[in-house]
Each structure stands twice: as C-alpha cells, then as structure tokens.
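Participant: below is the sequence, then the predicted model.
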Amino acid sequence: MRWLRFLLILLLVPLAACAINGKPSTYLVEVKGPYTLDTGDVVRVSVYGETELSKSYQVDDGGAVALPLVGPVKVRGKTTQLAAASITAALAEGYIREPSVAVEIETYRPFFIQGAVKSGGQFPYVYGMTVRAAISTAGGFSDTADRGKAVIYRRQGNQMVKGSVNLDFPIYPGDTIVVAERWL
C-alpha cells in the first residue's frame, strides 16, 4: 500500500505542474528553419565569368526562375544554396563548362496584414520583422483592435497553418497577419 501511494505521488506531481502553467508552450507555426524561396521573391544570380547571366530574377507563379540558355529552373521550396545547385546543374548540361553559381535574396516576397489595423494590405518584408513591426508598417492599430495578440497564417509545406501569437513573434515573407477586434 505504501508503494502504491508513492507511485501515485510520482505520477501526479508532474501532472499538477502542467495544470498550473496556462500558457501554450509551442506555436503551431514554425519559427525556425532555413528560409526557402517562393513566388514573389527576387533573387540575384551570379554566374562567375558570365556577366550576361548574372542579374536579378523573380520567382514566378510556377516557382521557377527563367534563365537565358536553360529556361525555367524550379527553385520553390529550396534554400539559396539548393537553388544555386539546381541552376549549376542546369547550366552544366551542355551550356557552360564547370559553372560557378551563387544565389542570394535581393527582395523578399511581401507579407499581408488585415483586420483591426489602420491600413491593411500587402507590404514589403524586412528581414527580422515581428508582428509589432508589421502592425506599425500598416499604420498601427485601429481604435477597436485587440492589442495583445494576432493570428498568423503561414504555409508550411503543402499546408496553411494558423497560430495565435503575441506581438513579438517573428513573421516571414508570405505570412498573413490578422488583428482581431476586441470585445467590450
């Protein structure tokens, strides 16, 4: 009987600690991981020794960049390093001997904000933005805004994920931020 009480205490104490913490420990939207390219990003492609190929390209609706000689090269969902490898492979198929390619992001795709802000819409993304900075970019809160949190919609793989976040949560290009109205 004594062992049973001891076992019961060992099992219930950790559960009691969980009941005290009312905050969610994780968000549904991911906050880590390498940046991957998608429609709307503008990348700077540098091909060593080939000035006519070294310029800026926009990722099109199909998730590709259209290069002279090789045509569209799929880059959606790839990091800049993987995109450079794909372009290198495409150029090496009979066009350039041992190409050396570098890809860097010139302009990120925009983010979107709507709801209880003064001026919702599409805005240019700046690296390291938070929800608070995005709201400021949209002219600030409206008079009826819930000023404590927002909802972010973010594409993760093939899914659109929704998460309720605080104002210091980092946003990414392509995110949609919704600021709710408060209920009086």
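Facilitator: In hand now; what should we look at?
Participant: and Tyr125, how many neighbours?
Facilitator: 20 (other C-beta atoms under 10 Å). C-beta here means a position set from N, CA and C on the backbone, and glycine is covered the same way.
Participant: if I pick it, what's in contact with it?
Facilitator: 108-111, 171-173 (C-beta atoms under 8 Å, 6 or more residues apart in numbering).
Participant: how close does the closest residue to Gln58 other than its chain neighbours sit to Leu67?
Facilitator: Using C-beta to C-beta, 6 or more residues apart in numbering and skipping residues adjacent in sequence, the residue nearest Gln58 is Val42, 5.0 Å away. Remark: distance between Val42 and Leu67 (C-beta to C-beta, to the nearest Å) = 14 Å.
Participant: looking at those two, which is more packed in?
Facilitator: When Val42 and Leu67 are compared for neighbours, Leu67 comes out ahead with 19 against 15, by other C-beta under 10 Å.
Participant: what sits against the more buried one?
Facilitator: 45, 53, 57, 73, 87, 90-91.
Participant: can you do 7 Å?
Facilitator: When contacts are counted by C-beta atoms under 7 Å, 6 or more residues apart in numbering, Leu67 touches 53, 57, 73, 87.
Participant: circling back: thought Val103 was touching the residue nearest to Gln58, still the case?
Facilitator: No: with contact defined as C-beta atoms under 7 Å, Val42 does not reach Val103; the gap is 11.1 Å.
Participant: if we can go back for a sec, closest to Gly148 out of the contacts of Tyr125?
Facilitator: The closest of the contacts of Tyr125 to Gly148 turns out to be Ile171 (C-beta to C-beta; 16.7 Å).
Participant: wait, doesn't that closest one sit right on Ala134?
Facilitator: Yes: at 5.6 Å, Ile171 and Ala134 qualify as touching, with contact defined as C-beta under 7 Å.
Participant: overlap of the contact sets of the two?
Facilitator: 111, 177.
Participant: and the contacts of Leu67, which two are furthest apart?
Facilitator: Leu53 and Val73 (11.7 Å).
Participant: what about the residue positioned nearest the centre of the chain, distance to Val117?
Facilitator: Nearest residue to the geometric centre of the chain (C-alpha atoms, centre = their mean): Tyr172, 3.4 Å. For Tyr172, the distance to Val117 equals 19 Å [C-beta to C-beta].
Participant: likewise for Phe111?
Facilitator: 12 Å.
Participant: likewise Gly128?
Facilitator: Applying C-beta to C-beta, the value for Gly128 to Val117 is 20 Å.
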